[in-house]
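J.: Can you look at this prediction? I've put the sequence above it.
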Amino acid sequence: MSNHKIPSSIAQTFTITKFELLNYFRSRRFIIMLGIGVIIGALLTLLVGHYRPSGFLTSSIDFYSSWWGTSATYIVILSGIFFGGDAISGEFQNKTGYFTVGNPIRRSSIYAGKWFAAFIASFMIIVAFLAITVLNNFYYFGFNMPYQFLESFLFTVLYLISVLGLTFFFSSLFKSSSIAILTTVVLMLFAFSLIQNLIDAFVHIEPWFLITYGAGIIGNILTVPYPLHTSTVHFGHVAITSYAVTVPEGIAILAAYFIVTAILGLVLFERKEFN
Amino acid sequence: MQQSIEAVKLTKKYGSFTALSDLNLKLEGAKCIGFLGPNGAGKTTTLKLFTDMIRPSEGHAMINGIDVHSNKRSALSSCAALIETPEIYPSLTPMEALSMIAEIRGVPSEEQGKRIEESLSEVKMLEWKDKKVGKFSKGMKQRVNIASVLISDPDIIMLDEPTTGLDPRGMSEVREIVKSLKRKNRLIFMSSHLLNEVTDVCDEVAMIDHGKLLAYDTISNVILKFSENGSNVIEIGFSRIIDDSIMAEIGKLSNVKRASKIDETNIRIEISGDIKVQEELLYELARMKIGMISFKPSASALENTYLNMIKEAL
């Protein structure tokens, strides 16, 4: 008869991570996402090589600012959607949860295991894009890596952590994978940016509650000197105030998004029933 | 300590709809219990409560005395369950999918390969062990699901209509697996609406309808208690043709109310009495040396009883 000792929850978490990653690497979504990352990198390489825009080629830090500062957030958002969008909802909709949840394992281990797998898979995509970025910079400027770029990379990783927290939350909130993915896409790619622009134009308050505003540190850190926290432009009688997130503020926003959404997502998953 | 499954005032409500109402049921020892009921009766709800896939509105689901909801890891450590028809990550092979479950359940790494191959062999899927599950038919997936229940060699096994999606040969093989588990002294709780399956495999039966337990006893006692005329029906198989003289002799045995032929080698007898009477009858028939090779409660009798009970519960 069975007398096996059930492994610790941490060990079970890594088991889930291992097999989830295996599933990702075998599935089309990893190849597609890697392809998207490589295509964006290749297109930028061709465009910069052909048109040689001054914004890219003035200095190494300008290059990183124009290249990484504008593209990395999209790579993060797409990775988050690809790997996190249906991570939890798929367990209900596709019934894969029925294979694991009925075992002696905490749901938190399943949630965390899947989160780590999504993080590792997304991180690999970002590293692939990073490699293309660094190689291009090496071609134009030699081996020159400003410390601001390392900071920007770390902020990108923090943004990835935060985005995955949010996508997992939506994935826990909905049982339908398509609704979970659609909600994340609309919010991350359109709604947050739109709200931020509307606030800038009409409300004149700092949008500290938006994750995309917090992610501004990825690009801002590559701007020398660091942009002013507030700047006002006058168009006749109309004044438009725009805000640039500071580094401590950005880190706090991204961390808060992760902590809050991770807790909420986990609570939802713990409470959700397999009906 | 004997392995046990116990529902204590177990209730599950969805708004105003009560899926399971105040279920009190204790199953213990090494045996197979069939869990019978029509669609929507509460069978799957009960099994889901025992695996913490859903939460009870009231009451407790206990495995080996441990509350599943408050201490899932301990409660399910010696229990494996197959609920509905789970899907496995399509890009994994059976070997990988079962490795995941083996790791989760703490099967030592040096035993995993052997245990997985044995389990796959038992469900006749060994030759598919390195193929991706995504290409499998529903029946093949269900075989892998059954293998996942076997790999950790659990003391308690819960099966929710395990033959769903299987072809007749697959159904028969699953029944043989359940019988072999019984021989290994496991406690098996198996929901089904296939009465011949329950009669063939199970020792006891729990009947449920509209979320309420209607009966729990041995199959013979349930038939005896709830049949229309208070009698029990047994089907007996022989290795030779049964002629009229033998039929007459059987008809004269004590407690036999009626004996009739099903075909040349199988007969059906109606008896009055409980399990003791059956024991005596089996002894008498064996003494007659007439080539008896099987002796089991009649599926059709269970069916009649079941239909009576469901009708009464309406």
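T.: Received, thanks.

J.: Flag every buried residue along the longest helix along chain A.
T.: In chain A, assigned by DSSP state H, the helix with the most residues is helix A:107-141. Going by neighbour count (16 or more other C-beta atoms under 10 Å in any protein chain shown), the buried part of helix A:107-141 is A:107, A:109-119, A:121-126, A:128-130, A:132-134, A:136-137, A:141. All C-beta atoms are positioned from the backbone trio N, CA, C, and that covers glycine.

J.: just checking, what packs against the helix or strand following it?
T.: Downstream of helix A:107-141, the first helix or strand assigned by DSSP states H and E is helix A:147-173. Contacts defined by 3 or more C-beta pairs under 8 Å, 6 or more residues apart in numbering or on different chains; DSSP states H and E place helix A:147-173 against helix A:60-84, helix A:89-93, helix A:107-141, helix A:177-185, helix A:211-214, helix A:216-220, helix A:247-271.

J.: hmm, try it at 6 Å
T.: helix A:60-84, helix A:107-141, helix A:177-185, helix A:216-220, helix A:247-271 (3 or more C-beta pairs under 6 Å, 6 or more residues apart in numbering or on different chains; DSSP states H and E).

J.: what inclination does the last one have with respect to helix A:107-141?
T.: Interaxial angle, helix A:247-271 versus helix A:107-141 (axes from the mean of the first three to the mean of the last three C-alpha atoms, to 10 degrees): 150 degrees.

J.: Which elements pack onto helix A:247-271?
T.: helix A:107-141, helix A:147-173, helix A:211-214.

J.: Kindly reformat the ones you listed as TSV containing distance to B:Ala301 and mean pLDDT.
T.: Shown next, in TSV, are the helices and strands packed on helix A:247-271 (distance: least, C-beta to C-beta, whole Å; pLDDT from 0 to 100):
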stretch	distance to B:Ala301	mean pLDDT
helix A:107-141	44	96
helix A:147-173	49	96
helix A:211-214	66	94
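
J.: Out of those helices, which is closest to B:Phe226?
T.: Judged by C-beta to C-beta, the one of these that comes nearest to B:Phe226 is helix A:107-141, at 40.6 Å.

J.: wait, does the closest one make contact with chain B?
T.: No. Using C-beta under 6 Å from any C-beta of the partner chain, helix A:107-141 stays clear of chain B, with a minimum separation of 8.4 Å.

J.: for that helix, the distance to its chain's centre please.
T.: Computed by C-alpha atoms, centre = their mean, to the nearest Å, the chain-centroid distance of helix A:107-141 equals 10 Å.

J.: ok, residue 190 - how many residues close by?
T.: Going with chain A. 10 (other C-beta atoms under 10 Å in any protein chain shown).

J.: try again with chain B
T.: For B:Met190, using other C-beta under 10 Å, the count is 26.

J.: Now tell me which helix or strand of chain B has the poorest mean pLDDT.
T.: helix B:299-313 (a mean of 75; mean pLDDT, DSSP states H and E).

J.: same check, this time on chain A
T.: For chain A, counting by mean pLDDT, DSSP H and E, that's strand A:238-243 with a mean of 80.

J.: Can you tell me what sits against that strand?
T.: If you take C-beta atoms under 6 Å, 6 or more residues apart in numbering or on different chains as the criterion, strand A:238-243 is touched by A:200, A:204, A:206, A:230-233.

J.: Recalculate using a threshold of 7 Å.
T.: A:200-201, A:204, A:206-207, A:229-233 (C-beta atoms under 7 Å, 6 or more residues apart in numbering or on different chains).

J.: now swap in stretch A:209-220 and tell me
T.: Under C-beta under 7 Å, 6+ apart, the answer for stretch A:209-220 is A:65, A:69-70, A:72-73, A:152, A:155-156, A:159, A:162, A:166, A:192-193, A:195-196, A:207, A:226-227, A:244-245, A:247, A:250, A:253-254, A:257.

J.: List only buried entries from those residues.
T.: Neighbour counting with 16+ other C-beta under 10 Å marks A:65, A:69, A:72-73, A:152, A:155-156, A:159, A:162, A:166, A:192, A:195-196, A:207, A:227, A:244-245, A:250, A:253-254, A:257 as buried within these.

J.: What does B:Asn232 show for phi and psi?
T.: Backbone torsions of B:Asn232, given as degrees, to the nearest 10, read phi -120, psi 140.

J.: excluding its backbone neighbours, what's nearest the most centrally placed residue in chain B?
T.: By C-alpha atoms, centre = their mean, chain B has its centre lying nearest to B:Met190, at 3.4 Å. Nearest residue to B:Met190 in three dimensions, chain neighbours excluded: B:Leu159, at 4.4 Å (C-beta to C-beta, 6 or more residues apart in numbering or on different chains).

J.: show me the residues around the one you found that make contact.
T.: Contacts of B:Leu159 by C-beta under 7 Å, 6+ apart are B:82, B:188, B:190.

J.: which parts of the stretch 201-314 of chain B sit against chain A?
T.: The stretch 201-314 of chain B comes close to chain A at no residue, as judged by C-beta under 7 Å from any C-beta of the partner chain.
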